[in-house]
Structures are given as C-alpha cells and as structure tokens.
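Undergrad: 3D, please:
(one chain, ligands or ions: 1)
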Amino acid sequence: MNPDQIEAVNAGRPLAFRNATVLPMDGDVINGGDVLVTGDTIAAVGPRLDVPDGTVEIDASGGIVMPGMVDTHRHMWQTALRGLGADWTLTQYFVFYYLNWGKIFRPEDIAAGNRLAANEAVDAGVTTTLDWSHGLQTVDHGQAAVEALRSAPGRYVLAYGNLLGAPWEWTNSPEFRDFVERTSTDDMLGLQLAFDVTADPAFPEQGAFDAAREFGMRVTTHAGVWGATNDDSIRLMWDHGCMTPDVTYVHAATLTEDSYQRIAASGGNASVSTESEQSAGQGYPPTWELCKHGIPISLSMDTSVWWSADLFSAMRATLSADRSREHLEAHARGDTVGHNRRRAEEVAHWATIGGAKALGLDDKVGTLTPGKKADVVLIKNENSPAMYPLLHPYGTLVFQAQRGDVHTVLVDGQVVKDRHRLVGADLAAARDAVANTVDHARSTMGEQAWQEAMTPELPPSEHIPNPYTYTEFDPGAERHRARREDISGPT
Ligand SMILES: [Zn+2]
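TA: Model (predicted):
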C-alpha cells in the first residue's frame with residue numbers, strides 16, 4: 001500500500017486481501033481465498049469475493065492470511081530490560097524483581113516497557129496481548145500502564161497486579177477502587193486482576209477474588225509453578241468457591257491429576273508459556289496433560305527479560321515439547337509413537353482462538369469470521385527461501401514462518417504494519433524511553449549488581465570419565481585432535 005491508501009483504509013475505506021491461503025481458524029483452509037475488511041469489521045471471507053468500488057486490494061498470493069495472534073500472559077513492563085535475564089533461573093528472577101529491584105520501577109518505566117512491548121507484539125503478528133502487569137506498586141503506575149497501552153498499536157487487557165503488595169489489600173484499597181471506576185474499558189482495552197495464591201491455609205486471597213467478582217473482572221494466576229504455587233493453592237481456591245470459568249491458570253505445569261480435574265470441572269483455562277517452562281523450570285510444558293482433561297489452552301511468552309513476544313516461537317516450542325513428551329513416555333514403555341497425536345493445526349488454534357476464548361474475547365477476535373473485528377495478519381515474504389513452497393499451511397505457519405515474515409497487520413481494521421514495516425510507530429521515542437529506564441535501573445542498582453544480574457554464578461560441571469580412547473589405531477587421530485583443540489582448546 002502507498003501512504004494514501006493506508007490513510008484511506010484507516011479512515012474506513014474497504015480493504016481486500018486477494019488470492020491467499022486463508023486460515024480462518026473457524027473452518028477449513030481456503031486456497032485462493034480473499035478476506036474483505038470494511039471499517040473495523042471482517043465483512044466477508046471466501047474465494048473471488050465481489051468487493052465494493054474503491055476497495056484497496058493487497059496481492060496476498062503465496063501468503064497466509066490468518067487472524068491476529070493472542071498472547072494471554074506477558075509481563076510487558078519487563079521489556080524495558082530486554083534480555084537481561086537470559087541466563088537466569090526462576091529463583092534469580094524472583095530475587096531480582098520481587099526482593100531487590102521491582103521497587104525501583106517508576107510509572108514512566110512501566111510505560112516505557114509497555115510501549116516497546118506493544119510495538120514488538122504487533123510487529124510479530126500478535127494483535128491482542130494480556131499485559132500481566134505486576135509492577136504496579138501504585139495506581140500512578142497503573143495509570144501509566146493504561147496510557148501506554150492506549151497510545152500503542154494493538155488490543156490489550158491490562159491484568160492489574162502488584163508484586164510488592166498483598167492482593168487482598170491492594171485490590172480493596174480506596175485508591176485502586178477509584179482507579180477501576182475512572183478507567184474506561186472497551187474492545188481495545190480490558191481489565192483483569194493478576195495475583196498468585198500462596199497456599200496460606202487461611203486463604204487471605206479470598207478478599208482479592210471477592211474484589212474481582214464485585215468488579216466483574218476475570219482473574220489470571222500463576223499456578224502449578226514448581227516450588228511456588230502448587231496443588232494446595234488449587235485446593236484452597238476450590239474449597240472457597242474461587243475456581244470459576246473466569247480464571248486463567250498460567251503455566252499449570254507442576255500439578256497432580258486431582259488439580260487438573262478440578263480446573264477442568266470448573267471450566268477454567270490454561271495459558272502455556274512453553275519456552276518459559278522449559279527454561280525457568282515451572283514444570284514440563286503441560287499441553288500433554290491439559291489435553292487429556294479437555295482444559296482449554298492458550299499460548300503466551302511470559303517476559304522479554306528472558307524471551308520474546310514471538311508466538312511463532314511459542315507454537316514451535318509447544319508442539320515440539322508435546323511431541324517430545326509423547327516420545328519419552330512411549331520409550332519408557334518400550335514402545336514407539338506410530339502417529340503423532342498433536343498437530344500443527346491445533347497449536348495454531350491455541351495461538352489464536354484459544355487465546356481469544358481465554359480472555360473472553362472470542363465473540364470479537366480470534367477467527368476470521370464475518371462480523372468479527374478485523375484483526376488480520378498476512379504472512380508473506382518473497383525474499384525468504386523458507387516461505388516456498390506452501391504445501392501444508394499449518395506446517396508452514398508453525399515450523400517455517402517467523403516474525404520477519406509478517407507482511408501486513410490490521411488491528412480493528414487499522415493498518416499497523418505494511419510490507420514488513422510498522423506504520424505510524426514512533427520507535428525512536430519508544431527506544432529513548434527505554435534507554436532512560438535502563439539508565440535509571442543501572443545507576444540505582446550500581447554497576448556491580450547490574451553486571452551480576454547478567455552473569456549469574458555458573459555451577460561447577462565436570463565431564464564424566466570416559467573408558468574409551470579412539471586415537472591409537474586411527475590414522476586421522478592427529479587431525480581429530482587438532483580439530484578438537486581448535487574448538488575447545490588443548491585437552
Ligand atoms: Zn508470568
């Protein structure tokens with residue numbers, strides 16, 4: 001599109017994607033399909049659509065058109081320190097944010113992280129994100145989060161949290177109630193409560209669940225996190241009538257059969273962050289367990305202090321982890337997997353309509369159904385050898401495509417990405433704000449703590465003794481040894 005066309009579409013002129021492989025996520029793949037958008041709405045989906053005069057047309061041939069993806073658990077404020085914790089354990093994460101440094105984040109730091117994270121999300125084809133915002137130590141921080149999300153491209157749910165406070169206290173404070181009253185919500189910005197249940201037998205979290213009910217808000221909670229939240233938390237929620245269909249269980253990894261049964265029976269859903277679970281150790285990514293119980297699944301990336309906002313990566317990791325588990329269990333029985341149970345199509349659904357359902361937005365987004373809001377992504381990259389041939393569309397989406405292949409993104413009918421570039425995003429300003437937060441964090445923490453945060457202690461590791469030598473009769477031994485030394489130094 002040229003700038004005039006983008007302006008016209010954003011002012012309401014119809015737009016049609018032409019001749020794509022359409023993955024509507026509410027039905028079969030449409031080869032050679034069109035998607036017509038008028039205003040903020042998907043008007044029609046099908047082959048060779050008649051479109052109104054003046055419609056802006058995008059040649060989507062060779063590409064995939066699909067609904068925007070939905071990330072149901074992301075600590076957007078932490079994007080301001082992107083990558084800092086790449087080598088952390090979960091304990092080191094807790095020590096960094098909960099004990100030591102979470103308190104140094106000012107309202108402008110929350111806003112800075114949110115703005116950059118929002119641009120990152122839509123750039124990667126993620127049109128709806130639940131911002132699991134547990135750095136909101138005052139309502140001024142909450143206000144900053146709201147303003148950042150309102151001013152950024154994309155559709156959001158602010159899941160309000162405060163890792164420095166007790167949820168039963170801050171949810172019932174006059175300041176928070178006032179914040180809820182004056183924060184208007186709509187299709188583009190919703191509100192939820194975000195807090196964890198610690199398994200205190202007195203169940204003080206009751207007050208926070210009561211507040212959620214009173215406000216009519218959903219609850220999202222980190223559950224089944226090894227060593228932190230476990231079966232006792234689930235049992236307490238169950239006993240106190242707090243397990244409703246409005247609860248999202250994030251991770252839901254280290255839980256027993258009994259807890260999964262309770263989640264399933266109560267109609268709750270799970271947000272699986274496979275890369276997070278694999279790297280931070282909340283437990284084995286649980287899709288293989290959740291599927292056995294029919295618990296609805298959505299995907300999430302958790303935090304850019306470790307990972308990214310890239311749901312292509314989430315789909316790939318999740319499908320691989322699920323299959324890996326199936327293989328391991330089969331091998332333990334002396335068996336082999338003859339047919340894969342989990343398919344690429346299924347994780348594509350989790351990344352789209354699964355997320356929309358988890359957020360209660362499935363009547364608005366998550367599929368390319370006429371009448372729904374126009375959150376639409378075109379994946380097409382003629383410069384990428386990996387995007388050809390397009391034979392198995394879900395396979396290409398899950399195992400071949402990546403965020404650089406996201407060609408066009410619409411959110412609510414507005415063009416936010418065109419020909420691989422964000423539209424109207426002030427990335428320079430977003431970067432400057434984050435640079436300010438980095439300076440603030442680094443100077444407040446001091447140079448030593450800052451460096452230590454990026455270089456956690458390395459535990460000792462030793463190679464086990466090897467009874468074999470493979471040099472004596474090998475004419476190439478010298479060459480092998482030389483090559484080994486090249487890689488790892490003299491042995
Ligand atoms: Zn999390």
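
Undergrad: ok, for the most centrally placed residue in the chain, nearest residue in space, not its chain neighbours?
TA: In the chain, the centroid-proximal residue (CA atoms, centre = their mean) is residue 300; its distance is 2.8 Å. Sequence neighbours aside, residue 73 is the residue nearest to residue 300 in space, at 3.5 Å (criterion: CB to CB, 6 or more residues apart in numbering). (Glycine included, C-beta is placed from N, CA and C.)

Undergrad: Now for that neighbour: which residues touch it?
TA: When contacts are counted by CB atoms under 8 Å, 6 or more residues apart in numbering, residue 73 touches 130, 132, 220, 248, 250, 271, 273, 300-302.

Undergrad: Just the ones of these in strands?
TA: Applying DSSP state E to these, the entries found in strands are 130, 132, 220, 248, 250, 271.

Undergrad: State the number of residues packed around the second one.
TA: In other words, residue 132. For residue 132, the neighbour count with other CB atoms under 10 Å is 30.

Undergrad: bridging residues for it?
TA: The partner list for residue 132 in beta bridges (DSSP bridges) reads residue 159.

Undergrad: cool, and the last one?
TA: On the basis of DSSP bridges, residue 271 is bridged to residue 250, residue 298.

Undergrad: and it, how far is that from residue 74?
TA: 10 Å (CB to CB, to the nearest Å).

Undergrad: before we move on, what about the second one?
TA: To residue 74, residue 132 is 6 Å away according to CB to CB.

Undergrad: The fourth one now?
TA: As judged by CB to CB, residue 248 and residue 74 stand 12 Å apart.

Undergrad: ok, the residue nearest to residue 248 when sequence neighbours are not counted - contacts?
TA: Excluding its sequence neighbours, the residue lying closest to residue 248 (CB to CB, 6+ apart) is residue 220, at 4.3 Å. By CB under 8 Å, 6+ apart, residue 220 lies in contact with 72-73, 130, 132, 159, 192-194, 247-248, 250, 271.

Undergrad: hmm, which of those are the buried ones?
TA: 72-73, 130, 132, 159, 192-194, 247-248, 250, 271 (16 or more other CB atoms under 10 Å).

Undergrad: and those as TSV, adding pLDDT?
TA: Conversion of those to TSV gives the following (pLDDT from 0 to 100):
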residue	pLDDT
72	98
73	98
130	98
132	98
159	98
192	98
193	98
194	98
247	98
248	98
250	98
271	98
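
Undergrad: which of those lies closest to residue 421?
TA: Of all the buried ones among the contacts of residue 220, residue 130 has the smallest distance to residue 421: 26.0 Å, by CB to CB.

Undergrad: Please tell me I have it right and the closest one contacts residue 159.
TA: Yes - using CB atoms under 8 Å, residue 130 is in contact with residue 159, at 5.5 Å.

Undergrad: any residues in contact with both of these two?
TA: Jointly contacting residue 130 and residue 159 under the rule CB under 8 Å, 6+ apart are 192, 220.

Undergrad: Quick one: neighbours of residue 470, just the number.
TA: Residue 470, neighbours per other CB under 10 Å, totals 9.

Undergrad: so it, which of the three states?
TA: coil (DSSP: H, G, I helix; E, B strand; the rest coil).

Undergrad: Now the element after the helix or strand containing residue 437, going C-ward?
TA: According to DSSP states H and E, residue 437 maps onto helix 427-445. Going down the chain from helix 427-445, the next helix or strand is helix 447-454, by DSSP H and E.

Undergrad: Can you mark which positions in that next one are buried?
TA: Neighbour-count burial for helix 447-454, with 16+ other CB under 10 Å as criterion, is recorded at 450, 453.

Undergrad: ok and that helix relative to helix 427-445, angle-wise?
TA: 120 degrees (axes from the mean of the first three to the mean of the last three CA atoms, to 10 degrees).

Undergrad: Could you tell me how far helix 447-454 lies from the centre of the chain?
TA: Mean C-alpha position of helix 447-454 versus that of the full chain (CA atoms, centre = their mean, to the nearest Å) differs by 27 Å.

Undergrad: And for that helix, what's in contact with it?
TA: Contact with helix 447-454 is made by 84-87, 96, 100, 441-442, 445, as judged by CB under 8 Å, 6+ apart.

Undergrad: from those residues, which is closest to residue 64?
TA: Nearest member of these to residue 64, counting by CB to CB, is residue 86, at 30.6 Å.

Undergrad: Can you give me the distance of the nearest residue to the closest one once chain neighbours are set aside to residue 459?
TA: Excluding the flanking residues, the one nearest residue 86 by CB to CB, 6+ apart is residue 306, at 6.1 Å. As judged by CB to CB, residue 306 and residue 459 stand 19 Å apart.

Undergrad: Which one of those two is surrounded by more residues?
TA: residue 306 (22 against 5).

Undergrad: Check which helix or strand that one maps to.
TA: Per DSSP H and E: residue 306 is located in neither a helix nor a strand.

Undergrad: OK, contacts around residue 31?
TA: Residues in contact with residue 31, defined by CB under 8 Å, 6+ apart, are residue 21.

Undergrad: related to what we said a few turns ago, next one: the residue nearest to the centre of the chain from residue 155, what distance?
TA: Distance of residue 300 to residue 155, computed by CB to CB: 15 Å.

Undergrad: Looking at this structure, which helix is longest?
TA: helix 311-332 (DSSP state H).

Undergrad: and for that helix, what are the contacting residues?
TA: 69, 71, 124-126, 272-275, 277-278, 284-285, 287-288, 299-301, 307, 336-337, 340-342, 344, 347-348, 350-351, 397-399, 401-403.

Undergrad: go again using 7 Å as the cut-off
TA: With contacts defined as CB atoms under 7 Å, 6 or more residues apart in numbering, helix 311-332 is touched by 69, 71, 124, 126, 272, 274-275, 278, 284-285, 287-288, 299, 301, 336-337, 340-342, 344, 347-348, 351, 398-399, 401-403.

Undergrad: Filter those down to the buried ones.
TA: If we count by 16+ other CB under 10 Å, the contacts of helix 311-332 have these buried: 69, 71, 124, 126, 272, 274-275, 278, 284-285, 287-288, 299, 301, 342, 344, 347-348, 351, 398, 401-403.

Undergrad: Just the residues you listed: which are in strands?
TA: Reading strands off the buried ones among the contacts of helix 311-332 with DSSP E, I get 69, 71, 126, 272, 299.

Undergrad: residues contacting the residue nearest to the centre of the chain?
TA: By CB under 7 Å, 6+ apart, the residues touching residue 300 are 71-74, 271, 273.

Undergrad: how about 8 Å then?
TA: Contacts of residue 300 by CB under 8 Å, 6+ apart are 71-74, 130, 250, 271-273, 276, 314.

Undergrad: any idea how far it is from residue 255?
TA: Separation of residue 300 from residue 255 (CB to CB) stands at 17 Å.

Undergrad: can you check residue 210 too?
TA: In this structure, residue 210 and residue 255 are 24 Å apart, going by CB to CB.

Undergrad: Then residue 378 would be within a helix, right?
TA: No - if the criterion is three-state DSSP, then residue 378 is strand and not within a helix.

Undergrad: separation between the residue nearest to residue 300 and residue 441?
TA: Distance, residue 73 to residue 441, by CB to CB: 23 Å.
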